[in-house]
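Colleague: what's the 3D shape of this:
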Amino acid sequence: QVQLVESGGGLVQAGGSLRLSCVASGSAFSRDTMGWYRQAPGKQRELVAAITSASTTNYADSLKGRFTISRDNAKNTVYLQMNSLKPEDTAVYYCNARTWPYEYVYWGQGTQVTVPS
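Modeller: A predicted model of the protein is given here:
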């Protein structure tokens with residue numbers, strides 16, 4: 001059973017930074033595509049960033065330059081570095097895995113990020 005456990009969320013002032021972590025277990029992590037999504041109140045869940053097994057990255061256009069996704073296969077962990085945070089970044093952030101070889105999709109429980117206005 002694949003499990004994803006996020007950490008690192010919290011309350012941060014506008015302009016600040018946070019780094020989210022997601023530790024995966026139960027899959028061939030190094031071969032999985034990992035991603036971060038977010039869902040703000042009253043809005044649909046949206047892609048923030050994704051990283052493939054080859055470390056190719058993909059970002060939401062509106063977040064390029066502020067957010068960076070990375071992975072450490074030795075630690076089965078994917079990170080999301082968030083800089084210059086804005087109130088509109090307030091959301092629950094979810095870790096996502098598309099596992100090798102059949103691309104089954106798994107979600108973490110989410111971690112809250114709050115940037116007060």
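
Colleague: contacts, neighbours, all on C-alpha from now
Modeller: Fine.

Colleague: so what's Q112 closest to, chain neighbours aside?
Modeller: V92 (4.3 Å; C-alpha to C-alpha, 6 or more residues apart in numbering).

Colleague: I figured the one you found was touching G108, is that so?
Modeller: No - the pair V92 / G108 is not scored as a contact, 10.8 Å apart, by C-alpha atoms under 8 Å.

Colleague: Tell me which residue is most central in this structure.
Modeller: W36 (2.6 Å; C-alpha atoms, centre = their mean).

Colleague: looking at this, that one is in a strand?
Modeller: Yes - checked against DSSP: H, G, I helix; E, B strand; the rest coil, W36 lies within a strand.

Colleague: Tell me which helix or strand the closest residue in space to it that isn't next to it in sequence sits in.
Modeller: Excluding its sequence neighbours, the residue lying closest to W36 (C-alpha to C-alpha, 6+ apart) is C95, at 4.8 Å. Take DSSP states H and E as the rule and C95 turns out to sit in strand 91-99.
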